[in-house]
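Undergrad: Pasting a predicted model and its sequence here:
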Amino acid sequence: MPHNSSGDSSSIPGRVPSQSVSPSPANYRDDVRPPLMSDLGVNHSPPARQDPRLVTQLGIFVDRMANHAELDAKHRNILHSFKEFVLDMPPTHWRATVSLQATVLQAVQAAQSLRDEVHAFKIEAHQATQRARAHFTLSSDQEAEIRALCKARVFEPHRTDYDIAENVRDTLKDADQYPMLAEAFKSKKGETAVLRYARSEGAYARNLFREVLRDSIYDPQERCSLTVCTRRLAKKLVNGAEISAETIINVAILRRFCREHPDLLDREELPPSNEDLDGDDSNQQSNHRGRRKRPRHGEAFWDVVSNFFAVHDKKWGRDIHSEGWSTYVDECIQQERMLFPDDPISSLPQLSTPPAAVQRLVAPGCAPAPTLAASTIRLVQTLIFTDAVAVLGDVKLSLLRPIGTPPS
């Protein structure tokens, strides 16, 4: 379409010429003058505003609705201000409009009150959290969680270092596995409380372990075989959980150690005091603060045990199948067989071990052999306790048998 350069706006489609309408005074008065009330289409002035009696009654009704809605001074003033808008409405609408507005203000007031309460609660909760972190105290459930883990750590079959507190603390930092302790590790005080309790319960678990070992060998009333001793330890330390062959071997080594060091068995370990545990835990490696206390007379039993494992691991290696450890474990089992010939451990069946090696270990009346091949130790490690029927006193025993072999 060719461009119109004349500038005549009348030629633009849909465009009304600016001079096409000349409003009369009547049109101006009816169409242009703003309404008295609002821009919602009401362009008349109701006579109610000029009636003092109606205005007074409206004020009384506003106060009545404010009292009914239990409005505070702020929202009551808002409702009275709203009255000025109501006066421009027909009187028949006044009651409904004021009632609706009072209900809305009541809801707004309740919401504001709730927000204030929530805000105050958040502040109080934050302050309580800060106080708890500054003076952290473990709950009974948290203590039970730490106690159970300390006992389990002490009874681990491959453990050679029995100072378990820091290991327990580091394990408990796993919030997915131990969600109950997650809050404790959000502050330094909480972490210190966990470590303090782990040291105390670690000392208790070690003393319990040592006492059961001692009594199973030297107490006339409690003396028992390797199998019964292991079952007792499992009942006291891991709630009677299933026992592996590695655990039996470890207890056999410890029982032999007890026979060779009877002077250490009555040395009760003292848990660390609060003074020893106070202070920055990061400095413990340098000044050894918070370490478990030695007994009053001589070196602690478990310190000597840890040193025993360190020396022999250095000499033979940590692999139980090594020649040195194989020989040592064989001697431990032979010792148990001679002292307790009725112990089910003396009936180890043959798997793939050469017959001569098995005979040296299990044949009744056979003289103890000085060494056994590593395959014999592997045989012992494949054995597990099962729930076969064997009772000694009030202690339930389990027969040893190879994995996959049904009980006879």
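TA: Received it, and whenever you're ready, just let me know what you need.

Undergrad: so where do the helices sit in the stretch 1-150 of the chain?
TA: Applying DSSP state H, counting those that start in this stretch to the stretch 1-150 of the chain gives helices spanning 25-31, 52-68, 73-86, 94-134, 140-154.

Undergrad: So, low pLDDT: which residues of the chain?
TA: Scanning the chain with the threshold set as pLDDT under 70 gives 1-49, 132-134, 271-298, 346-408.

Undergrad: how is it carved up into domains?
TA: Taking automatic domain parsing as the domain assignment, the ranges for the chain are 47-134, 140-280+299-340.

Undergrad: before we move on, back to that, okay, the helices of the stretch 1-150 of the chain, which one's buried deepest?
TA: Among these, the stretch with the highest mean neighbour count (mean count of other CB atoms under 10 Å) is helix 140-154, at a mean of 18. Glycine gets a C-beta too; all of them are placed from N, C-alpha and C.

Undergrad: Give me the helices and strands touching it, please.
TA: Counting contacts by 3 or more CB pairs under 8 Å, 6 or more residues apart in numbering; DSSP states H and E, helix 140-154 packs against helix 165-172, helix 188-218, helix 226-237.

Undergrad: Can you give me the neighbour number for Glu70?
TA: Here the count is done by other CB atoms under 10 Å, and Glu70 has 11 residues near it.

Undergrad: Would you check how far apart it and Gln109 are?
TA: Glu70 sits at a distance of 8 Å from Gln109 (criterion: CB to CB, to the nearest Å).

Undergrad: same check, this time on Ile253
TA: From Ile253 over to Gln109 the distance is 76 Å, taken as CB to CB.

Undergrad: what's the answer for Phe136, then?
TA: When Phe136 is compared with Gln109 (using CB to CB), they lie 40 Å apart.

Undergrad: cool, and Gly202?
TA: Here Gly202 is placed at a distance of 58 Å from Gln109 (CB to CB).

Undergrad: With Thr227 instead?
TA: 75 Å.

Undergrad: ok, now Asp343?
TA: 81 Å.

Undergrad: likewise Val212?
TA: Noted for Val212: a distance of 69 Å to Gln109, by CB to CB.

Undergrad: same check, this time on Ser244
TA: Plainly put, Ser244 is 68 Å away from Gln109 if you go by CB to CB.

Undergrad: Same check on Arg147?
TA: To Gln109, Arg147 is 52 Å away according to CB to CB.

Undergrad: cool, and Leu254?
TA: Leu254 sits 73 Å away from Gln109, going by CB to CB.

Undergrad: if I read this right, Arg153 contacts Val168, doesn't it?
TA: Yes. Taking CB atoms under 8 Å as the contact criterion, Arg153 and Val168 are neighbours in contact, 5.9 Å apart.

Undergrad: so is Asn239 in a helix, a strand, or just coil?
TA: With DSSP: H, G, I helix; E, B strand; the rest coil as the basis, Asn239 sits in coil.

Undergrad: That one and Ala203, how far apart?
TA: 20 Å.

Undergrad: and if you look at Glu242?
TA: Counting by CB to CB, the gap from Glu242 to Ala203 is 27 Å.

Undergrad: Ok, Leu172 next?
TA: On the measure of CB to CB, Leu172 and Ala203 end up 17 Å apart.

Undergrad: next one: Pro157
TA: Using CB to CB, we find Pro157 at a distance of 21 Å from Ala203.

Undergrad: for Ser216, same thing?
TA: Ser216 sits 21 Å away from Ala203 when distances are taken as CB to CB.

Undergrad: can you check Thr192 too?
TA: Thr192 sits 17 Å away from Ala203, going by CB to CB.

Undergrad: and the two? which has more neighbours close in?
TA: Each of Thr192 and Ala203 had its neighbours counted (other CB under 10 Å), and the higher figure belongs to Ala203 (23 against 19).

Undergrad: can I assume that one is in contact with Leu270?
TA: Yes. Contact between Ala203 and Leu270 holds when scored by CB under 8 Å: they sit 7.1 Å apart.

Undergrad: How about His158: what's its closest non-neighbour residue?
TA: Here the nearest residue to His158 in space, its sequence neighbours aside, is Glu246; by CB to CB, 6 or more residues apart in numbering that works out to 6.7 Å.

Undergrad: and Glu268, how many neighbours?
TA: As a burial measure, Glu268 scores 14 neighbours (other CB under 10 Å).

Undergrad: Could I get the phi/psi values of it?
TA: Its backbone dihedrals place Glu268 at phi -80, psi 130, with angles given as degrees, to the nearest 10.

Undergrad: Equivalent analysis for Ser244, please.
TA: Summarising the backbone geometry of Ser244 under the convention degrees, to the nearest 10, its torsions are phi -90, psi 160.

Undergrad: That one and Ile345, how far apart?
TA: The gap separating Ser244 from Ile345 is 14 Å, by CB to CB.

Undergrad: Compare neighbour counts for the two and give me the winner.
TA: When Ser244 and Ile345 are compared on other CB under 10 Å, the one with more neighbours turns out to be Ile345, at 22 against 14.

Undergrad: my guess is the more buried one meets Gln334, correct?
TA: No. Using CB under 8 Å, Ile345 and Gln334 do not qualify as a contacting pair, with a distance of 10.6 Å.

Undergrad: got any residues that touch both of the two?
TA: Counting by CB atoms under 8 Å, 6 or more residues apart in numbering, Ile345 and Gln334 have no common neighbour.

Undergrad: which residues does Asn250 contact?
TA: Contacts for Asn250 (CB under 8 Å, 6+ apart) come out as Pro157, His158, Arg159.

Undergrad: So for the helix or strand containing it, what gets flagged as buried?
TA: In this assignment (DSSP states H and E), Asn250 forms part of helix 245-260. Across helix 245-260, burial judged by 16 or more other CB atoms under 10 Å covers 245-258.

Undergrad: now stretch 173-183
TA: For stretch 173-183, a neighbour-count test (16+ other CB under 10 Å) marks Tyr178, Leu181, Glu183 as buried.

Undergrad: Filter those residues down to the ones in helices?
TA: Of the buried residues of stretch 173-183, none are assigned to helices by DSSP state H.
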